[in-house]
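1. Need coordinates for the following:
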Amino acid sequence: AGRFDRLAGLDDGPERDALRGELVAAWLPMAHRIAGRFRDRGESVEDLRQVAALGLVKAVDRYDPARGAFESYAVPTITGEVKRHFRDRMWALRVPRRVQELRNRVRVARRDLTQNPGSPEPTVADLATRTGLTEDEVTAGLEALESFSTLSLDAELARGEEGYSLADTLGESEGSYDVVVDREAAKEGLRRLPERERAILYMRFFEGMTQSRIAESLGISQMHVSRLISRSCARVRAEALGGSA
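-> Down below sits the predicted model:
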């Protein structure tokens, strides 16, 4: 208690920092013990100890000796810091704070309603009545309960006698969609071309005719066919992109 009284009376500076460090080091084993209570929740012990140490530093900085024993203040402060770590950082999917709070309220209500052996699984309406939340809020909380961890995309799922991974159920980008979009974008420009230019483009790109065959068919030079194709394509492209030919 004497060292905490001294700390409270010191201004910021080397002396206060040194005393603060001594107090943190003296109480660090307690912080590590608190961290050990959470070792089986999927986080490494070393990370938990770091979080608990941060909580200890906060407790040392905020403690008022007039409030009573330091341990009575430090234990809930450190425990709260560790629990906040799980709530804010250990979600596999980033969930808004409000949804996390809904999750916690729904979890507690469901636990209370099923604590007796043989109790049926509570409905959304039951949970809403218990928590004072709306049914939509309860639904959001229930969904968040499933978001604390995620499945690997390589996780195998059963389907009859054949197994398949979660990745197999996901859609893929369809390149043909781009073709459809491009065709729709080009339609108006093609309609505005003179009939001869449309005929030339059709013979070249849909019938696969060479420029020399097109020239022979229309009675014009191959060079002229080439210029018409280039000019027509440029005009259609400009209109599709919102420009002008």
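2. what are the C-alpha coordinates of the longest helix anywhere in the chain, in CSV please?
-> Determined from DSSP state H, the single longest helix within the chain is helix 14-36. Output of helix 14-36 as CSV, limited to C-alpha atoms (Å, rounded to 0.1, in the frame of the first residue of the first chain):
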residue,chain,number,x,y,z
PRO,A,14,11.8,9.0,-14.2
GLU,A,15,11.1,8.4,-10.5
ARG,A,16,7.4,7.7,-11.1
ASP,A,17,8.2,5.5,-14.1
ALA,A,18,10.6,3.4,-12.1
LEU,A,19,8.2,2.9,-9.2
ARG,A,20,5.4,2.1,-11.6
GLY,A,21,7.7,-0.6,-13.3
GLU,A,22,8.5,-2.1,-9.9
LEU,A,23,4.8,-2.4,-9.0
VAL,A,24,3.9,-4.0,-12.4
ALA,A,25,6.8,-6.5,-12.0
ALA,A,26,5.7,-7.3,-8.5
TRP,A,27,2.1,-8.1,-9.5
LEU,A,28,2.9,-9.7,-12.9
PRO,A,29,2.5,-13.3,-11.5
MET,A,30,-1.1,-12.5,-10.6
ALA,A,31,-1.7,-11.3,-14.1
HIS,A,32,-0.2,-14.5,-15.6
ARG,A,33,-2.5,-16.6,-13.3
ILE,A,34,-5.5,-14.8,-14.6
ALA,A,35,-4.4,-15.2,-18.2
GLY,A,36,-4.0,-19.0,-17.5
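3. Pull the distance from the very next helix or strand once past it to the chain's centre.
-> The helix or strand immediately downstream of helix 14-36 is helix 45-62, counting by DSSP states H and E. Here helix 45-62 is found 27 Å from its chain centre; the criterion is C-alpha atoms, centre = their mean, to the nearest Å.
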